[in-house]
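Asks: I'll drop the sequence and a predicted model, then ask my questions.
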Amino acid sequence: MTVLSIRDLHAKAGDTQILNGINLTIRAGEVHAVMGPNGAGKSTLSAVIMGKPGYAVSKGSIMLDDVDITSLPTWKRALAGLHLVMQYPTEIPGVGIDNLLDEALAERGSDRSRLAALIGAEAERIGLDKSLTHRSVNVDFSGGEKKRNETLQLAMLDPRIVVLDELDSGLDIDALRDCARRVEDLTNERQLGVLVITHYSRIFADLKPNFVHVLAKGRIAASGGPELADQLERDGYDAFNA
Ligand code: ADP
Ligand code: MG
């Protein structure tokens, strides 16, 4: 069974110390929500897990099963089974969604003989106009189309663990429901492990968290079940920012 283990993770963004000892264990099929005030380090955590350039681990480790991925380049982490859905999806002019998936699956050694049919089926399932899958990735897409596209890529690439950095930002309610449900289905159908970063518990109506963590000042300040999200929605983060 897949386990992502983050141990005593300290990290800098540029020259600034942001993460101050994060501990998280995410197992196959589990949904862990990370909530926290602006500037707490949530996006930094997602960047450090994925190995984004410009961020440096100063202490601690990230393990995917028995592989220490702490200092692997991003592409090796992706091949190991990690995937990040970014808060602000990147536009890639000149690269079609279908081309991107073809290359990525070739790199994984996957069978691509039914690729077009599978992309079409996923597009239908996530409510993305099929014609968009031949267009440049995210270029001139609406906010909803971008996140539907990112969710389609997630389903096609079939990672073992995904980090969703504010999947719910820039989305209308229908798109949010469709994307959240698709991820929830992946946790049940393929035992996908999820780290979902969010400000709002609305996403939990469709993507059910097993655990909720509060990230404040670069640390996990509290952990609990879904009831913790209700408490945050009611009381805010004041208690954790002192
Ligand atoms: P969150 O996603 O929780 O809102 P971030 O992880 O984006 O927070 O940012 C945490 C802090 O790190 C902020 O104060 C931000 O300005 C700072 N930060 C983020 N990226 C960098 C960077 N590349 N260089 C310097 N500081 C950064
Ligand atoms: Mg952020």
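Replies: Sure, I can see it. Ligands and ions are numbered 1, 2, ... in the order given.
Asks: and the chain, which residues reach ligand 1?
Replies: For the chain, the residues found near ligand 1 under the criterion CB under 6 Å from any ligand atom are 13-14, 16, 18, 36, 38-44, 54. The C-beta positions use only the backbone N, C-alpha and C, and glycine is treated the same way.
Asks: at 8 Å what do you get?
Replies: Proximity of the chain to ligand 1 (CB under 8 Å from any ligand atom) is limited to residues 13-16, 18, 36-47, 54-55, 87, 165-166, 197, 215, 218.
Asks: mind checking which of those residues are in strands?
Replies: 13, 16, 18, 55, 165, 197, 215 (DSSP state E).
Asks: can you show me the helices along this structure?
Replies: 42-50, 74-80, 97-107, 115-126, 143-157, 173-189, 226-235, 238-241 (DSSP state H).
Asks: which residues touch residue 14?
Replies: residue 54 (CB atoms under 8 Å, 6 or more residues apart in numbering).
Asks: start the count at 42, not 1, going forward
Replies: Done: numbering now begins at 42, and the last item shifts to residue 55.
Asks: pull out the buried residues from stretch 120-139.
Replies: 122, 123, 124, 125, 126, 127, 128, 130, 138, 139 (16 or more other CB atoms under 10 Å).
Asks: separate out the buried members of the residues of the chain next to ligand 1.
Replies: If you count burial by 16+ other CB under 10 Å, the buried members of these come out as 54, 59, 77-78, 81-88, 96, 128, 206-207, 238, 256, 259.
Asks: pull the CA atoms of the worst-scoring helix or strand of the chain on mean pLDDT into PDB?
Replies: For the chain, counting by mean pLDDT, DSSP states H and E, helix 279-282 ranks last in confidence among helices and strands (a mean of 84). Extracted as PDB, the C-alpha positions of helix 279-282 are listed here (Å, rounded to 0.1, in the frame of the first residue of the first chain):
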ATOM      1  CA  ASP A 279      -7.200  33.200  15.400                       C
ATOM      2  CA  ALA A 280      -6.500  30.500  17.900                       C
ATOM      3  CA  PHE A 281      -3.700  29.100  15.700                       C
ATOM      4  CA  ASN A 282      -2.100  32.400  14.800                       C
END
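Asks: what helices or strands is it leaning on?
Replies: strand 252-257 (3 or more CB pairs under 8 Å, 6 or more residues apart in numbering; DSSP states H and E).
Asks: on that earlier part again, of the buried ones among the residues of the chain next to ligand 1, list those near ligand 2.
Replies: Filtering those for proximity to ligand 2 by CB under 5 Å from the ion leaves 83, 84.
Asks: look up how far residue 196 lies from residue 226.
Replies: 9 Å (CB to CB, to the nearest Å).
Asks: comparing these two, which residue is more hemmed in?
Replies: residue 196 (21 against 15; other CB atoms under 10 Å).
Asks: give me every residue that touches the nearest residue to that one once chain neighbours are set aside.
Replies: Closest residue to residue 196 apart from its sequence neighbours, by CB to CB, 6 or more residues apart in numbering: residue 163 at 5.2 Å. Counting by CB under 8 Å, 6+ apart, residue 163 touches 193, 196, 197.
Asks: overlap between those and the residues near ligand 2?
Replies: For ligand 2, no contacts are drawn from the contacts of residue 163 by CB under 5 Å from the ion.
Asks: my guess is residue 103 contacts residue 49, does it?
Replies: No. Applying CB atoms under 8 Å, one finds residue 103 not in contact with residue 49, separated by 10.5 Å.
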